[in-house]
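>>> A predicted structure for the sequence below; I have some questions about it.
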Amino acid sequence: MLIIPTTGRYMHIPYRSMLPGKVKGLLVAGRAIGGDRIAHAATRNMACCSVAGQGAGVAAALCVKAGRDVADADMAAVQAELARQDVRLH
């Protein structure tokens, strides 16, 4: 879930939207995430890019630490670390 800092409103950004279809071991965030025209219009602002980048960075770091591919990230561990960083998840 992505919470817009200026309004408090939120949206969900699926983790799979950060996984390129043809490149293994890579996460993309910000304006490069996958989605349709409407989703891109809603997620291309700097606040959304920043928050998505934080999630991608946490996921990447935990995958490296655990020796996992980013496509197999432990979402419970990612969410726990984001919560530890005071990210509002729900």
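Thanks, I have it. Numbers count the residues shown, from 1 in each chain.

>>> ok, residues contacting the top helix by length along the chain?
Ranked by residue count under DSSP state H, the longest helix found in the chain is helix 46-66. Residues from elsewhere that reach helix 46-66 (CB atoms under 8 Å, 6 or more residues apart in numbering): 2-6, 13, 15, 18, 27-31, 33, 42-43, 69-70, 72-74, 77-78, 81-82, 85, 87. (C-beta placed from N, C-alpha, C; glycine too.)

>>> what's around A61, how many residues?
Neighbour count for A61, taken as other CB atoms under 10 Å: 12.

>>> and if you look at C63?
Using other CB under 10 Å, C63 has 20 other residues around it.

>>> where do the helices sit along the protein?
Counting by DSSP H, the helices of the chain are 37-43, 46-66, 75-84.

>>> In JSON lines: these, plus distance to V23 and mean pLDDT.
Formatted as JSON lines, the helices of the chain follow (distance: least, CB to CB, whole Å; pLDDT from 0 to 100):
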{"stretch": "helix 37-43", "distance to V23": "19", "mean pLDDT": "75"}
{"stretch": "helix 46-66", "distance to V23": "14", "mean pLDDT": "89"}
{"stretch": "helix 75-84", "distance to V23": "20", "mean pLDDT": "95"}
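
>>> tell me the angle of the longest helix of the chain relative to helix 75-84?
120 degrees (axes from the mean of the first three to the mean of the last three CA atoms, to 10 degrees).

>>> winner for burial among the helices of the chain?
Mean neighbours per residue, mean count of other CB atoms under 10 Å, is largest over the helices of the chain for helix 46-66, with a mean of 17.

>>> so how far is it from its chain's centroid?
Here helix 46-66 is found 6 Å from its chain centre; the criterion is CA atoms, centre = their mean, to the nearest Å.

>>> Just the CA coordinates for that helix, please, in CSV.
In CSV, the C-alpha atoms belonging to helix 46-66 read as follows (Å, rounded to 0.1, in the frame of the first residue of the first chain):
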residue,chain,number,x,y,z
MET,A,46,7.6,12.2,-6.6
ALA,A,47,5.9,11.1,-3.3
CYS,A,48,4.7,7.8,-4.9
CYS,A,49,8.1,7.2,-6.5
SER,A,50,9.8,7.8,-3.1
VAL,A,51,7.6,5.5,-1.2
ALA,A,52,7.8,2.7,-3.8
GLY,A,53,11.5,3.1,-3.9
GLN,A,54,11.7,2.6,-0.1
GLY,A,55,9.8,-0.6,-0.4
ALA,A,56,11.9,-1.9,-3.3
GLY,A,57,15.1,-1.0,-1.5
VAL,A,58,14.0,-2.9,1.6
ALA,A,59,12.9,-5.9,-0.4
ALA,A,60,16.2,-5.9,-2.4
ALA,A,61,18.3,-5.6,0.8
LEU,A,62,16.5,-8.5,2.5
CYS,A,63,16.7,-10.7,-0.6
VAL,A,64,20.5,-10.1,-0.8
LYS,A,65,20.8,-10.9,2.9
ALA,A,66,18.8,-14.1,2.6
